[in-house]
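Student: model the following, please.
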Amino acid sequence: MSTSSFPTSVVVFALITLPFCAPDTFKAAVYEHAVILPSETEIPVSQDDALILMNKNIDILETAIKQAAGQGAQIIVTPEDALYGWKFTRESIFPYLEDIPDPKVNWIPCQDPQRFGHSPVQKRLSCLAKSNSIYVVANIGDKKKCNARDSKCPSNGYYQYNTNVVYNSEGKLVARYHKYHLYSEPQFDAPDKPELVTFKTTFGTFVMDECFAFFDSY
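Tutor: This next block holds a predicted model:
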């Protein structure tokens, strides 16, 4: 295992109080850390080994989430690629992916983790949001089965998406955004068209913008 080129001693943790429909405000946390990366290989690791690596990074995020909630933050935004890093092929990224359903299904992974198949990462992120009563924004990989008769269906039978997810303070999945503009990411596919994804909270409505988990509130 290795860490990213981002210095391991540097952690960015910002708490920002933003105006919303003055005089109301909300407190948001933005977090960055040096990601623990897998060993570089084009040979896929096992699903268990992929989960071990992701849990090491989630351990780091857990500390930040608890710290943010303890300082009164209502939402925390974590980095892109924070769970497993980058520099994958389509094949080598696959063990790190989970099937992320449409939020309309009304799902709390923390309470029913097997409802949509093997979802340990989604369960843990959901539980962190629920146990700390905070909205958690995270970046993970989604896989979607496709029909082999579909001319666009990749050879492994799955579309693979760089995906942002949001869990509310009860651990419920409330937003899923598939990244449209890919930058040197051969392991992922772009959706057929850009998505407009919004989610409502008790302190505002947010729009999920393209790339790197940027958000607008109104």
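Student: in this structure, which spans are strands?
Tutor: Assigned by DSSP state E, the strands in the chain fall at 2-3, 12-19, 25-32, 36-37, 75-77, 135-145, 158-167, 173-178, 197-201, 204-208, 215-217.
Student: which one of the ones you listed has the lowest average pLDDT?
Tutor: Lowest mean pLDDT within the strands of the chain: strand 2-3, a mean of 48.
Student: how much space is there between the closest residue to N132 other than its chain neighbours and Y135?
Tutor: Spatially, and ignoring its direct neighbours in sequence, N132 is nearest to A69 (3.9 Å; Cβ to Cβ, 6 or more residues apart in numbering). The way it works is simple: take the backbone N, C-alpha and C, and place the C-beta from them, glycine included. Per Cβ to Cβ, to the nearest Å, A69 is found 10 Å from Y135.
Student: who has more neighbours, the two?
Tutor: Using other Cβ atoms under 10 Å as the criterion, A69 and Y135 rank with Y135 on top: 26 against 21.
Student: give the contact list for that one.
Tutor: 74-76, 129, 166-169, 174, 201 (Cβ atoms under 8 Å, 6 or more residues apart in numbering).
Student: which stretch among the strands of the chain comes nearest F116?
Tutor: Smallest distance to F116 across the strands of the chain (Cβ to Cβ): 9.7 Å, for strand 173-178.
Student: quick one: contacts of that closest one?
Tutor: Here strand 173-178 has contacts from 100-103, 105, 107-109, 122, 126, 135, 142, 161-168, 190-191, 195, 197-200, 206, 208, using Cβ under 8 Å, 6+ apart.
Student: now the end-to-end length of stretch 172-182.
Tutor: Stretch 172-182 has an end-to-end distance of 27 Å (criterion: Cα to Cα, to the nearest Å).
Student: buried residues in it?
Tutor: 172-179 (16 or more other Cβ atoms under 10 Å).
Student: also stretch 34-42?
Tutor: For stretch 34-42, the neighbour count (16+ other Cβ under 10 Å) marks 34-38 as buried.
Student: need the distance between the two termini of that stretch.
Tutor: Stretch 34-42 end-to-end distance (Cα to Cα) = 22 Å.
Student: what's across from the spatially most central residue of the chain in the sheet?
Tutor: Closest to where the C-alpha atoms of the chain average out (Cα atoms, centre = their mean) is N139, at 2.2 Å. Listed beta-bridge partners, N139: N164 (assigned using DSSP bridges).
Student: sorry, back to before: which of the contacts of strand 173-178 count as buried?
Tutor: Among the contacts of strand 173-178, those classed as buried by neighbour count (16+ other Cβ under 10 Å) are 100-101, 103, 107-109, 122, 126, 135, 142, 161-168, 197, 199, 206, 208.
Student: now the angle between strand 25-32 and the longest helix seen in the chain, please.
Tutor: When the chain is parsed with DSSP state H, its longest helix is helix 47-70. Here the directions of helix 47-70 and strand 25-32 differ by 140 degrees (axes from the mean of the first three to the mean of the last three Cα atoms, to 10 degrees).
Student: same for helix 47-70, what does it pack against?
Tutor: strand 12-19, strand 25-32, strand 36-37, strand 75-77, helix 120-132 (3 or more Cβ pairs under 8 Å, 6 or more residues apart in numbering; DSSP states H and E).
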